[in-house]
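> from the sequence below, what's the structure:
(one chain, ligands or ions: 2)
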Amino acid sequence: MDRQGVTKSIYLLGNTGSGKTQLIRRTHETLRGRIQVKAIYYQPNAVFDASRLNAAGIPAVIRNEAFPSPAVTEDVAEEAGDQLLFYEFSGRTGYSLPRNQEDVYRVYLFSVTDGDEKPLKYPRLFKEIELVVVNKIDLLPFTDFSLAQFEKGLRQVNPLVPIIKLSCRNGVGLDNWRKWLLELYGLDVVEESGNLPQLGISRL
Ligand SMILES: Nc1nc2c(ncn2[C@@H]2O[C@H](COP(=O)(O)OP(=O)(O)O)[C@@H](O)[C@H]2O)c(=O)[nH]1
Ligand SMILES: [Mg+2]
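Ligands and ions are numbered 1, 2, ... in the order given. All right, here's what the predicted structure looks like:
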């Protein structure tokens, strides 16, 4: 079945070191070419992240202008297949992120090493987002992070936002993230027969 390529963007928010770049790598692996993953950065020091991603076969570019810029629309170049653009934002971002844009999803990536009280401490961060991902669950046995406490706090500031718990290290929970992404494109988790993955990496 022929289908027009669809482009979606994810603003990946979260503390430095919470695992955003690692999640982009894992996303590329887990989608196995069904959707082309690309990354766009707006900080000069993102050269480290961009080269890690390039080494993993993921096109990544650094933009010199301030975000948001007109380049955002340029990124949505005509492509035959589906594509997913990641914009990584670190820290308690001072960026004013555009809101409620079609095909743009704000995902807050949280690490269990960040502390389970953070939704109550920084409620604004957890309010205007479409998904919370709790990463590094492989480290739970080594921390005093309580998933129950975290969820309780999160529900006070954002009663409805979905939560996906995963580990970019050991891969637990990545299937739920993959499912969430595929659903954005109206794709089934099980690939239809006869669709060879597009493994070619296209120009960003
Ligand atoms: N144990 C563990 N380490 C992780 C996980 N995800 C990422 N990391 C590590 O955390 C560090 C920071 O990850 P990075 O992707 O650079 O974070 P970013 O600053 O948010 O982009 C790296 O050393 C990653 O290998 C995870 O699920 N478990
Ligand atoms: Mg990074």
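
> stretch 10-20 vs ligand 1: in contact?
Yes: if you take CB under 6 Å from any ligand atom as the test, stretch 10-20 does meet ligand 1, through 14, 16-20. Where you see a C-beta, it was placed from the backbone N, CA and C, and this is true even at glycine.

> the residue of the chain found nearest ligand 2 - how many residues pack around it?
As assessed by CB to the ion, ligand 2 sits closest to Thr21 within the chain, at 3.5 Å. The tally of other residues near Thr21 (other CB atoms under 10 Å) stands at 25.

> now do Ser193
If we define neighbours as other CB under 10 Å, then Ser193 has 5 of them.

> which of the three states applies to it?
Using DSSP: H, G, I helix; E, B strand; the rest coil, the structure places Ser193 in coil.

> so what pLDDT did it get?
Listed pLDDT for Ser193 reads 70.

> hmm, back to that, for the nearest residue in space to the residue of the chain closest to ligand 2 that is not next to it in sequence, which three-state class applies?
Distance criterion CB to CB, 6 or more residues apart in numbering; nearest residue to Thr21, sequence neighbours excluded, is Asp49 at 4.4 Å. Secondary structure for Asp49, judged by three-state DSSP, is helix.

> okay but Asp49 is in contact with Ile40, surely?
No: using CB atoms under 8 Å, Asp49 is not in contact with Ile40, being 10.9 Å away.

> mutual contacts of those two, please.
Residues touching both Asp49 and Ile40 by CB atoms under 8 Å, 6 or more residues apart in numbering: Ala60.

> measure how buried Phe110 is and give me the count.
Residues near Phe110, counting by other CB under 10 Å: 27.

> ok, back up a step: the residue of the chain closest to ligand 2: which element?
Counting by DSSP states H and E, the element that carries Thr21 is helix 20-31.

> what helices or strands is that helix leaning on?
The contact analysis (3 or more CB pairs under 8 Å, 6 or more residues apart in numbering; DSSP states H and E) places helix 20-31 against strand 7-14, strand 36-41, helix 47-55, strand 83-90, strand 131-135, helix 174-184.

> can you list the ones you listed in CSV and add distance to Glu191, mean neighbour count and mean pLDDT?
Shown next, in CSV, are those (distance: least, CB to CB, whole Å; neighbours: other CB atoms under 10 Å; pLDDT from 0 to 100):
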stretch, distance to Glu191, mean neighbour count, mean pLDDT
strand 7-14, 18, 22, 93
strand 36-41, 15, 24, 95
helix 47-55, 24, 15, 95
strand 83-90, 16, 22, 92
strand 131-135, 23, 23, 97
helix 174-184, 9, 17, 97
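
> would you list the ones you listed in JSON lines and tack on distance to ligand 2?
JSON lines is the format used below for the helices and strands packed on helix 20-31 (distance: least, CB to the ion, whole Å):
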{"stretch": "strand 7-14", "distance to ligand 2": "9"}
{"stretch": "strand 36-41", "distance to ligand 2": "8"}
{"stretch": "helix 47-55", "distance to ligand 2": "4"}
{"stretch": "strand 83-90", "distance to ligand 2": "5"}
{"stretch": "strand 131-135", "distance to ligand 2": "12"}
{"stretch": "helix 174-184", "distance to ligand 2": "17"}
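
> now render these as TSV, adding distance to Phe145.
Below are those laid out as TSV (distance: least, CB to CB, whole Å):
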stretch	distance to Phe145
strand 7-14	15
strand 36-41	28
helix 47-55	25
strand 83-90	20
strand 131-135	9
helix 174-184	19
